Every structure is written in structure tokens, then in C-alpha cells.
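Asks: Sequence first, then the predicted structure:
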Amino acid sequence: VLTFASTKHLVAAASTTASNLEGTVTYNNTTPTIAQLNSLLKSTNTAIILTSEESRNPNHQSVLNKVLNPGQNLSSEMVNISFNSSTSELKIAVASSCCTITGSEVVFNQISVTQDLSTFTKTPTDQAITVTQAESTNPTQGTVNKLLQTDGSLNVGTDVTITFNANERKATLASAPNSTKVQGSVVFTNVTVEKPALNATLTVKELGQINARTQAAVKAAMLSKNTNLQNVDQNRFTITLDTDASKNKATVTHPDFAYAVEVSFSVQLK
């Protein structure tokens, strides 16, 4: 492990994980290569996004990493970092104890500060939220608005993304990767994804003539007449024949769909 002190001492020490080395070696007359601060940092008009916590406590490595040029490795202990919320300026200056960097203070003025996502979302997070099946697969702005305190305060895609877990009845609202407004995520735990109505897919309800008044015959005719059902799990249909044998009717249900559909048919005489 190499460390360089402000006294121009370079110290080489055995790593604590090394099994075949121990001790330290100190080089007393070391001259560092002096780098210009601005050469290590990005252009001052680069857009920088800080979290609310970083804006309050900017003198951290996470902030420095956002302004470093790619490939540069600079410790936050070597600089002083400050942020002025009134002017939205982020300032980087060489620390007085640093002897490997020189140069004037660098000021970044294209700074955005994100807020915690929870400041925008409804509370409590276990309140009942209902979305349609279509919304769960292709969320819209209207979908996101159901989770926000104020409609339109955050934009789907630009500011946030939303994912649904219908089995666990959860919806996760998360900040978009490049959002300049929010950071973090919020999980809603009482979300109902409405099932699509069966009658929107099973549209042909008059099945015509079948060869027997049985569930199997009704199902075969139903699938033949309604080609939209070919992509549905056909083993999960429940077909209930009318208890009155004189009525050629049946009720069809499916656990992936809402509501029942009544179908009718005629029976071929033998």
C-alpha cells in the first residue's frame, strides 16, 4: 500500500491481507509530480446532478467522482468541496495539505439537486391503488399520477419508472437513471392489477351446433369460434352448464380474466 504525506514522504507498507510480507519502507526525499486541478476535472459547464444529501454535505468522494475526468483518481481529502444552493455553484479547491495538486478554484455552475422521491409520492404506501392490466405492462403518465401527491409533478420515463408485481400486489416507483429532479425509490404494497374482462376476448357467444351437451363440446366450439383465445391457457377455463337441461347455455370463467361470459349453443340431434 503506497501513501504520500504532505512532508514529501512516500511510505510503502505491506497490505494487511498479504501473507508473505510485513513492515514498511519510507522514502524521505520524494518529489511529487504536480498536477493542475483543472486538468483533472471535467469542463465547468458540464451538467452535474447532486442528491439532496450531497448538496448539504458536498465534501465527499461521491461528489468529487461526478466532476473528475474519466480515468482520474483523486481523493476527496486532497480538495475542498463546497456547494452554494443560492447560486447553484459547486466549487472545488486544492486542500492546503495537498502537495501533488496546484491551481485555482474550479467552479461548476450547471448543477441540479435531486429530491428524495418520497417527497412526491402519496402516503401511506399501503393505501389501495388500482391499475388496469394495460397500465401494468405499459405504464402511462396517468398510471404514475395514481402514486403522486400532485398529478404531473414527475414525468414517466424522464423522472421516474414504474414496475408492477401483480403476484405480490406491489408497485415500485423509482427515479429514472438520468433524472434531474428525484432520487431513490418507493414501494406501494396494496396494488390491484385489474384483470381484463373476458367478454373483450371471448366475443362470439353463440357457438352454433355441438354434438353433445358436455363441457368438452362447449369448450371446443368456444375455442373454434373465438380465435383470440388461442393464446390463453386453455386448461384453466371453467365451463358450467345450465342446471336446466332444457336450456342450451353455459357460463365460462377464467382466473386470468374478470367476469363471467354466458354462451349459447344448440345440440345436434342423434
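Replies: Structure's in. What do you need? Since the structure is predicted, the reported quantities are computational estimates derived from the model, not experimental observations.
Asks: What residues sit buried inside stretch 121-136?
Replies: T121, K122, T125, I129, V131, Q133, E135, S136 (16 or more other CB atoms under 10 Å). (C-beta placed from N, C-alpha, C; glycine too.)
Asks: how about the nearest residue to the fourth one, chain neighbours excluded?
Replies: Read that as I129. Spatial nearest neighbour of I129, excluding adjacent residues (CB to CB, 6 or more residues apart in numbering): V191 at 4.7 Å.
Asks: Kindly provide the distance from that neighbour to K146.
Replies: 9 Å (CB to CB, to the nearest Å).
Asks: between the two, what contacts are shared?
Replies: Counting by CB atoms under 8 Å, 6 or more residues apart in numbering, the shared contacts of V191 and K146 are I129, T130, V131.
Asks: which outside residues touch stretch 37-49?
Replies: With CB under 8 Å, 6+ apart, stretch 37-49 has contacts from 66-69, 72, 74, 79, 90, 92-94, 101-104, 106-114, 178-180.
Asks: sorry, back to before: will you turn the shared contacts of V191 and K146 into JSON lines that also has pLDDT?
Replies: Below are the shared contacts of V191 and K146 laid out as JSON lines (pLDDT from 0 to 100):
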{"residue": "I129", "pLDDT": "97"}
{"residue": "T130", "pLDDT": "95"}
{"residue": "V131", "pLDDT": "95"}
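Asks: Now go through the contacts of stretch 37-49 and say which are in strands.
Replies: Among the contacts of stretch 37-49, the members falling in strands (DSSP state E) are 79, 90, 92-94, 101-102, 106-108, 111-114.
Asks: Can you select the buried ones from those residues in PyMOL?
Replies: Those of those that count as buried under 16+ other CB under 10 Å are selected in PyMOL with:
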select buried, resi 79+90+92+93+94+101+106+108+111+113+114
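Asks: Out of the ones in strands among the contacts of stretch 37-49, flag the one nearest to S266.
Replies: The shortest gap between S266 and any of those belongs to T114, at 65.8 Å (CB to CB).
Asks: Which residue ranges of the chain form helices?
Replies: Under the criterion DSSP state H, helices of the chain are mapped to 37-40, 52-56, 61-67, 133-137, 141-145, 215-225.
Asks: Kindly export the fifth one (C-alpha atoms) in PDB.
Replies: Included here for helix 141-145 are C-alpha records, laid out as PDB according to Å, rounded to 0.1, in the frame of the first residue of the first chain:
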ATOM      1  CA  GLN A 141     -48.400   9.300 -17.200                       C
ATOM      2  CA  GLY A 142     -51.900   8.600 -15.800                       C
ATOM      3  CA  THR A 143     -50.500   5.500 -14.200                       C
ATOM      4  CA  VAL A 144     -47.800   7.400 -12.400                       C
ATOM      5  CA  ASN A 145     -50.200  10.100 -11.300                       C
END
